[in-house]
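> got a sequence here, can you model it:
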Amino acid sequence: MDSQRVPLVGLTGGMGAGKSTALAELERQGAVVLSTDAVVHELYGEERLREAVVARWGQDVAPGGKVDRSAVAERVFADAEEGAWLEGVLWPLVGERVMEWLAEVRARHPAPRAAVVEVPLLFEAEMEGLYDATVAIVADEQTRRERAAGRGHVLQDARAERQLPQEEKARRATFAIRNDGSERELAAQLSAVLENLGG
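Sure thing, here's the model as predicted:
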């Protein structure tokens with residue numbers, strides 16, 4: 001890989017696998033990171049997305065001019081067609097934002113070790129081709145269930161049902177990282193990924 005070019009890495013994994021923990025660890029190790037969940041949150045605060053969801057579902061989803069994400073979630077998780085419509089609106093906007101961010105990252109001196117984007121539905125949205133490498137974080141079912149419950153989620157809810165099985169994510173990823181052990185073990189695996197990328 002060209003040493004002057006910061007590698008773009010897509011980070012994914014099942015619910016409760018520890019994607020956010022891995023993202024934070026990669027940042028500690030010298031990568032620059034971005035969460036698409038954070039990008040989506042920002043986009044909901046902007047006029048173009050607010051106007052699109054209000055035009056689709058009415059003013060109820062944006063009381064007082066602010067998008068109510070739980071009201072949006074109710075519509076998209078209950079109806080696959082509505083979910084597909086929202087993804088069709090959201091993903092191009094997210095992609096645009098990621099590319100702007102990447103251009104800024106690649107202009108930095110000194111260059112970071114990698115530019116890592118956390119994308120929960122990376123393979124489901126067929127976006128892996130945008131990345132130089134992909135990383136899937138996986139963990140055993142019991143660990144994932146406990147982590148999800150700690151955040152008030154049920155592992156087998158509508159969000160989880162939209163995702164590929166984690167074994168499939170691991171099979172499709174450039175690197176599959178197990179996150180059932182200690183944070184030190186996770187850090188060592190992620191360090192090896194960065195070394196492998198030449199970072």
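> correct me if wrong: residue 125 contacts residue 92.
No: taking contacts as CB atoms under 8 Å, residue 125 lies outside contact range of residue 92: 11.0 Å. From N, CA and C alone the C-beta is placed, and that goes for glycine too.
> tell me which of those two has more neighbours.
Taking other CB atoms under 10 Å, residue 125 and residue 92 do not tie; residue 125 has more neighbours (17 against 10).
> what about the residue nearest to the more buried one when sequence neighbours are not counted, how many neighbours?
Closest residue to residue 125 apart from its sequence neighbours, by CB to CB, 6 or more residues apart in numbering: residue 91 at 6.0 Å. For residue 91, the neighbour count with other CB under 10 Å is 17.
> tell me where the longest helix sits in the protein.
With secondary structure taken from DSSP state H, the chain has its longest helix at helix 80-106.
> next helix or strand past that helix?
Downstream of helix 80-106, the next assigned helix or strand under DSSP states H and E is strand 115-118.
> just the C-alpha atoms of that next one, please, in CSV.
Output in CSV follows, covering the C-alpha atoms of strand 115-118 (Å, rounded to 0.1, in the frame of the first residue of the first chain):
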residue,chain,number,x,y,z
ALA,A,115,-8.8,6.2,8.9
VAL,A,116,-11.3,3.9,10.5
VAL,A,117,-15.1,4.3,9.9
GLU,A,118,-17.5,2.3,12.2
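> just checking: what are the partner strands of it?
Strand pairing for strand 115-118, using DSSP bridges, gives strand 8-13 (parallel), strand 32-35 (parallel).
> which element follows the longest one toward the C-terminus?
Beyond strand 8-13 on the C-terminal side, the first helix or strand identified by DSSP H and E is helix 19-28.
> got the buried residues for that following helix?
Residues of helix 19-28 classed as buried: 19-23, 25-26 (neighbour count, 16 or more other CB atoms under 10 Å).
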